[in-house]
Every structure is written in structure tokens, then in C-alpha cells.
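Asker: return a 3D structure for these sequence lines:
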Amino acid sequence: MDDDGRVLADVVHHLVCPVCGADLALVDRGLRCPSGHTFDIARQGYANLLPGNARPGTADTPEMVRAREAFLTAGHFAALADNLARDVGCAEPSFVLDAGAGTGYYLKPILDRSPEAVGLALDISKHAARRAARAHPRAGAVVADLWRPLPLRDGTADVVVNVFAPRNAAEFHRVLRDDGFLFTVTPSPRHLGPLVEPLGLLSVDERKTERTDAALAGYFKLDSRRQVDTETDLTHDEVATLVAMGPSAHHVPPGLLRERLTRLPDPVRVPLSFVLSGYRRLE
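Answerer: Residues are numbered from 1 along each chain as shown. Predicted coordinates:
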């Protein structure tokens, strides 16, 4: 099998056709179900499993993906990635679904720490999936919409990871095994504090954690929770990259951002604060 197929070979038996729900198999350079629905594997190694009537909507753009890759590979969120990988490793998973995986930055250390596991990076952005497909030798990548039925078998995942991404509680519950775990990461109200008002960034809801619990109620029960806090010095260029990789990029034009940055120290000390929660699947 060529490299295009290799990245999906270890996870294909977890996948189902997004059109009819039948199992998928690797055939030549694509994925095919018994009914003949076929999905090509891109030369970068990912498969697009969005149904024909789906639209990418607010999927990350190439510019956002490049910014995310640059900022994350600089190590600013390394403490979060390490903590998440450690928590997931305690569940001893064999198959990890990263739902809303972006570039696969968080899936890589998870699989490094869990050498018996394989992983699937799922994201609605094909630009992110291109990078996620190469994030780890034991990971595959698929383009899919978290708000639609996920292209996975019932009860197939040991762990679902959801970092700064939409949470489809019913679908996460369906694809997890009976004793499976969901790990979520959300920003705390302290996150990026000194940057929010001066730069006009989107603020974090003070009740975000409470709202996350409420959205998962009936499907999951809280098992663990802790806050991961670090600080880092960011240059103006690094702050611009940070803003460009997230939702505030849609609200603050680059020129206005640069103008507002001139009012801040260079570099500026920035708190990075996250809530890491583990949930058990309810029967």
C-alpha cells in the first residue's frame, strides 16, 4: 500500500460511510462501502467524508491553519498537551478519536504516550486535515462535520478528545465504548487576560465550564477536572499569530490588530489558562 493509504490503514475498520452507514474499506486510492459509495484519499493522506450536501461553513482557512501550526510548534501550549496526553494515557486506550483535531498537535503526544493506540484526527477543515494526516505514524485524518452523524461505528472509540472544538454529546456518546472517556479542554476566564480588552478579542464566558457540563448532561458524568495554568512572554508578532489562529481572527482585522498592539509592551506577559475535564460515558 502507498503512503496515501498507509495513514488510514490502521483506523479504517472504525469508519462507516457517511451516506449509508455501512462499513468502509480501503480500495485502491480510496475508501469504499458495499453500496459503492467511494471517497478519495488525497495525496496528503486524508479522506474527505463530508456528504455531498455538506458545507464547510466556519472551517479553518489556510491562513488560520498556518498560524496555528506556527504558534503551537513554538511550544506555547506544550504544558496543556503534556497534561492531556497524561490523562488520556491513564485510560490505556487502543483507539483515540480527536474530534475537532486541527493540525493534530494534541493527538501526537497522546499517541506518543500510548504506544499501543491508534488515533483518528477529525476536522471540518481540509487544510487542517492535510497536516493532521502527517502528525503521527499511527494516526489517520478525516474531514467531517462534528454537528452531523460522525462517520464512525457505534462503540468503537476508547477515548474521545475535544480541544477548543464543538461538542456533539449524542454522537460522542454513540461512538464511545460503554466504559469510554471524553476529555475536553476549554479556556478559563483567565486565558489571555491582558490581551482581551486592549485588542478587542472575544472574551471567555465566566460560566463556560458550567455550560459545558450542562451540554454533556444525560450522556456523560464528570470524572475529573483541573486547571492548567502557565505564563509566557509573547512578542507582538507572536500575539498576531495567536489571534490569527482562533475565532478572534474573524472579528479583528490584521491592520487594526497591529495598531492596537503598539499600545502594549513588546514582549507582553500573557497568562495561558485552560480547564481540562474528564467525563465517563453514561449507560
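
Asker: got the residue ranges for the helices in the stretch 151-283 of the chain?
Answerer: 169-175, 193-199, 208-216, 236-244, 254-261 (DSSP state H, counting those that start in this stretch).

Asker: closest one to Arg43 among the ones you listed?
Answerer: Of all those, the one in closest proximity to Arg43, counting by CB to CB, is helix 236-244 (26.7 Å). (C-beta placed from N, C-alpha, C; glycine too.)

Asker: residues in contact with the closest one: which ones?
Answerer: Outside helix 236-244, the residues within contact range by CB atoms under 8 Å, 6 or more residues apart in numbering are 63-64, 67, 70-71, 74, 76, 192, 195, 199, 201, 234, 249, 252, 254, 257-258, 261-262, 264, 266-268, 270.

Asker: Ala135 versus Glu210, what's the distance?
Answerer: Distance from Glu210 to Ala135, counting by CB to CB, to the nearest Å: 32 Å.

Asker: so for these two, which sits in the more crowded spot?
Answerer: Each of Glu210 and Ala135 has its neighbours counted (other CB atoms under 10 Å); Ala135 has more, 24 against 10.

Asker: the more buried one falls within a helix, correct?
Answerer: No: secondary structure assignment (DSSP: H, G, I helix; E, B strand; the rest coil) places Ala135 in coil, not in a helix.

Asker: ok, now which ones touch the closest residue to it other than its chain neighbours?
Answerer: In space, Ala135 comes closest to Gly104 once its chain neighbours are excluded; the distance is 2.8 Å by CB to CB, 6 or more residues apart in numbering. With contact taken as CB under 8 Å, 6+ apart, Gly104 is in contact with Asp98, Ala121, Arg131, Ala132, Ala133, Arg134, Ala135, His136, Ala139, Ala141.

Asker: of all the residues you listed, which two lie farthest apart?
Answerer: So, those by CB to CB: farthest apart are Asp98 and Arg134, at 14.3 Å.

Asker: who has more neighbours out of those two?
Answerer: Set side by side, Asp98 and Arg134 show unequal neighbour counts under other CB under 10 Å, the larger going to Asp98 at 30 against 17.

Asker: single out the most deeply packed of the helices of the stretch 151-283 of the chain.
Answerer: Looking across those with neighbours counted as mean count of other CB atoms under 10 Å, the highest average goes to helix 236-244: a mean of 20.

Asker: chain center to that helix: distance?
Answerer: In this view, helix 236-244 has its centroid 20 Å away from the chain centroid, taken as CA atoms, centre = their mean, to the nearest Å.

Asker: got the angle for it vs helix 254-261?
Answerer: Direction vectors for helix 236-244 and helix 254-261, defined by axes from the mean of the first three to the mean of the last three CA atoms, to 10 degrees, enclose an angle of 130 degrees.

Asker: is Ala128 in contact with Thr103, as I believe?
Answerer: Yes: with contacts defined as CB atoms under 8 Å, Ala128 counts as touching Thr103 at a distance of 5.6 Å.

Asker: need the residues touching each of these two.
Answerer: Taking CB under 8 Å, 6+ apart as the contact criterion, the common neighbours of Ala128 and Thr103 are Val65, Arg68.

Asker: residues in contact with His127?
Answerer: Residues in contact with His127 (CB under 8 Å, 6+ apart) are Ala59, Asp60, Thr61, Pro62, Met64, Val65.

Asker: nearest to Ala9 among those residues?
Answerer: For these, the residue nearest Ala9 by CB to CB is Val65; the value is 24.7 Å.

Asker: where do the strands sit along the protein?
Answerer: Secondary structure of the chain (DSSP state E): strands located at 25-27, 30-32, 38-40, 47-48, 95-99, 118-123, 139-143, 157-163, 176-187, 220-234, 268-281.

Asker: burial of the closest residue to Asp179 other than its chain neighbours, as a residue count?
Answerer: Counting by CB to CB, 6+ apart, the nearest residue to Asp179 once its immediate chain neighbours are dropped is Arg281, at 6.9 Å. Neighbouring residues of Arg281 were enumerated by other CB under 10 Å; the total is 22.

Asker: number of nearby residues for Asp145?
Answerer: Once other CB under 10 Å is used to define contacts, Asp145 is seen to have 22 neighbours.

Asker: count residues in the vicinity of the residue lying closest to it once chain neighbours are set aside, would you?
Answerer: Taking CB to CB, 6+ apart as the measure, Asp145 lies nearest to Ile124, with 5.2 Å between them; neighbours along the chain are not counted. Other residues lying near Ile124 total 23 when counted by other CB under 10 Å.
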